[in-house]
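*Asks:* Pasted the sequence and its predicted model underneath.
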Number of protein chains: 2
Amino acid sequence: MINIAVLGYGTVGSGVVEVINTNGARINQRIGDELNVKYILDLRDFPGDPIQEKVVHDFETIVNDKDIQIVVEVMGGIEPAYTFVKRSLQAGKSVATSNKALVAKHGAELLSIAREQNINFLFEASVGGGIPIIRPLNSSMTADEIEEITGILNGTTNYMMTKMFYEGADYDEVLKEAQDNGYAERNPEADVEGYDACRKIAILSSLISGQQVDFEDIYTEGITKITTEDMMYAKEMGMTIKLLASSKRHGDHLHAIVAPYLLSKDHPLYNVNGVFNAIFVHGNVLGDAMFYGSGAGKLPTASAVVADVVDEAKHLHRNIMTMWKSDKLELLPIKDTEKRYFVRIGGNPEALRAHLESEFGPVKIVTVEGLEDEFGFTTEIMTERAYEKNAEEFPGIKHMIRIEE
Amino acid sequence: MINIAVLGYGTVGSGVVEVINTNGARINQRIGDELNVKYILDLRDFPGDPIQEKVVHDFETIVNDKDIQIVVEVMGGIEPAYTFVKRSLQAGKSVATSNKALVAKHGAELLSIAREQNINFLFEASVGGGIPIIRPLNSSMTADEIEEITGILNGTTNYMMTKMFYEGADYDEVLKEAQDNGYAERNPEADVEGYDACRKIAILSSLISGQQVDFEDIYTEGITKITTEDMMYAKEMGMTIKLLASSKRHGDHLHAIVAPYLLSKDHPLYNVNGVFNAIFVHGNVLGDAMFYGSGAGKLPTASAVVADVVDEAKHLHRNIMTMWKSDKLELLPIKDTEKRYFVRIGGNPEALRAHLESEFGPVKIVTVEGLEDEFGFTTEIMTERAYEKNAEEFPGIKHMIRIEE
């Protein structure tokens, strides 16, 4: 029998128990042993719930029980999750977690403790919920240099962008609707400011580079400034706007960023709508690949956590995860990165074109019916430094959105 | 040092050597050892090619060399590939293959030899080329009951369907173009009749059921009867037509089929165009997921083969692959499966509607401008047996296409 303890009986924790109850026979067959939830750590009691007899309030019960081989951490947040996970690993217990904040901040250290102990620290559910991406990077794309990972990694903002694009709804209206139906938190900052996506792309960047990428170093811009007017221009250009989290290789550097991007119709991420997430990967020999699915939600996330538990149960004393080193990777400064830009500006295109082209070089003008006292233009490829310098000449600029090719 | 032998120096075989040359340093780092191509088996010589010194013409050299730990079989076809693979496994050498015909026919036996020998038989590249699907099914979706796998598994036919849909080109024209630019063989039967997709869905069906699914048992219908007119109706209904290979769970049975299907705009496979492949998976807790990428091509396929080699090098004496048993799974007979149907029929909708509804039940009429002496209709869900019985009453029926919901 393989005994596990679940830290936290919230949404994901109760999902983990539900998945094990629902598919237990099949899971046991795959492990070749019986998986048993021995403890559930929570501050609360759940009288009447069949799991009540497993509930403990003291982590010491779990960490000191030699029968516990695997610990599932689904509490979220840095503390006490970090202390509990570290002590579990040091006690020789493998850990599966869905906690992106923990992995982004302490992943390198926790992976290295797991390797020393010859056990495992797995975190498939921390990025993309139910979408398998960590394990494919770790064991399927091993013949490749991964040159790019670009994802729609936050379901809340993708739901909002989709509504704004297809229904012409404005930001505040869509946010309220997302909050009303439970897709967005009452305090939506972590989603709409891009902080959630930032931690996820930090984890993916660390994995593909093999070094620590600190999320604080990643340029992060949310969707709060995206307007109905921006979406009208996007439509006019046959594009859409998505919050992308992206990491691209430039020589020995990575360019990592979270920002709203204009995306053309033939990009594989163009059609990823609603609360779905997707992750686009480009390998130097594999070419383009994409992984699509439910990026969040109780059961999809729990499915990924339990798949990690199955892997750990099959590799009880054998470390299987690629490490990343704790030495920090310097990212390419945002100002040195190159891309095209879409810019909205007040005024008249005919009057301004000559001046614009004298600063930006060739531009393409975009006009939208109903937006009469402004227009848009797209630039050629240039660094963000060059863009900013050029833009200083034009106080009438209302908004700039990057373009993903 | 880990020595490998490559059987066959054709497109995929030379791709395997190229991938190892290009990404060797990174691959060696992941394995923690040096990967060395010691032999290449081919009937031909390659004078002037740097690999010439590795070329051998006799398989005995390879199978009798104790230093060879991994054999890469990329010859294709059943014989002599089957004999070579079986003898390699029996000699304690792990095997990686891209050979779908071999895996579909002899997978259960070869997996069982590998397990007895405590080595590995891996075949990621046999389905979906560079798209990771076998390994995710084997190690990521282990918390789920997989209830459905539906894929666009053949790039040639998807290229043709895409051209016919977007450019209104007719079948013969598109086939000739696909042949001219190398996407289709001179004898295109294996692709256009669905035989290639059939072997791939047989492999996936065996994997998700854990039992042998014989490809001969799978109802297989190609794209040769799809016309420009069919595509016009599809457009009118906001749908497209794709060659799908699908396996769905019905109680203890699977319903496996390869056929052209009408697909609505919101299906994740709708936008998979050109030579790309994609595989949609539904798990009972994971929900919907999709994997997208290059389903064929020298380097993407070689990338998947080399990833298998890396996995085998990391698990030299440890079997990691899920088995499927050699006892045969009975598929649900095609006549007992249920779906909706789109039907084209000669005549006038107003004159025929009453008679149609008396047989088929409620139908939705579809008419297309420019097709005046015929119309289309879609049925409610019914078994194929019921559809056929009803259709007997209408000799004017020109074509039936199944609808994927």
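*Replies:* That came through fine.
*Asks:* So which residues of chain A form helices?
*Replies:* Taking DSSP state H to define them, one finds helices in chain A at A:11-31, A:59-63, A:81-90, A:100-117, A:134-135, A:155-167, A:171-180, A:189-192, A:195-209, A:228-236, A:298-314, A:349-360, A:384-391.
*Asks:* Could I get the ones you listed in CSV, plus columns for distance to chain B, mean neighbour count and mean pLDDT?
*Replies:* Yep, even glycine has a C-beta here, placed from its N, CA and C like the rest. Listed next are these as CSV, based on distance: least, CB to the nearest CB, whole Å; neighbours: other CB atoms under 10 Å in any protein chain shown; pLDDT from 0 to 100:
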stretch, distance to chain B, mean neighbour count, mean pLDDT
helix A:11-31, 5, 19, 96
helix A:59-63, 22, 16, 98
helix A:81-90, 20, 20, 98
helix A:100-117, 12, 20, 96
helix A:134-135, 5, 22, 94
helix A:155-167, 11, 22, 96
helix A:171-180, 19, 16, 95
helix A:189-192, 20, 20, 96
helix A:195-209, 11, 25, 96
helix A:228-236, 17, 20, 97
helix A:298-314, 3, 27, 96
helix A:349-360, 32, 14, 96
helix A:384-391, 30, 16, 97
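*Asks:* Make CSV from those and add distance to residue B:189 to it.
*Replies:* Putting the helices of chain A into CSV (distance: least, CB to CB, whole Å) gives the following:
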stretch, distance to residue B:189
helix A:11-31, 38
helix A:59-63, 61
helix A:81-90, 56
helix A:100-117, 49
helix A:134-135, 37
helix A:155-167, 42
helix A:171-180, 51
helix A:189-192, 51
helix A:195-209, 41
helix A:228-236, 44
helix A:298-314, 39
helix A:349-360, 55
helix A:384-391, 53
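*Asks:* which stretch among the ones you listed comes nearest residue A:341?
*Replies:* helix A:384-391 (5.5 Å; CB to CB).
*Asks:* starting at the chain centroid, how far to the closest one?
*Replies:* Offset of helix A:384-391 from its chain centre (CA atoms, centre = their mean, to the nearest Å): 29 Å.
*Asks:* With stretch A:343-360 instead?
*Replies:* That offset, for stretch A:343-360, works out to 37 Å (CA atoms, centre = their mean).
*Asks:* quick one: contacts of that stretch?
*Replies:* When contacts are defined by CB atoms under 8 Å, 6 or more residues apart in numbering or on different chains, stretch A:343-360 is touched by residues A:229-230, A:233, A:363, A:365, A:367, A:373-380, A:382, A:387, A:390-391, A:393-394, A:396-400.
*Asks:* Kindly write the PyMOL command that selects the buried subset of those.
*Replies:* Per 16 or more other CB atoms under 10 Å in any protein chain shown, the buried members of the contacts of stretch A:343-360 correspond to this PyMOL selection:
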select buried, chain A and resi 229+230+233+363+374+375+376+377+378+379+382+387+390+391+394+399+400
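*Asks:* gap between the spatially closest residue to residue A:191 that is not a sequence neighbour and residue A:243?
*Replies:* Among residues not flanking residue A:191 along the chain, residue A:156 sits closest, at 4.0 Å (CB to CB, 6 or more residues apart in numbering or on different chains). Residue A:156 sits 9 Å away from residue A:243, going by CB to CB, to the nearest Å.
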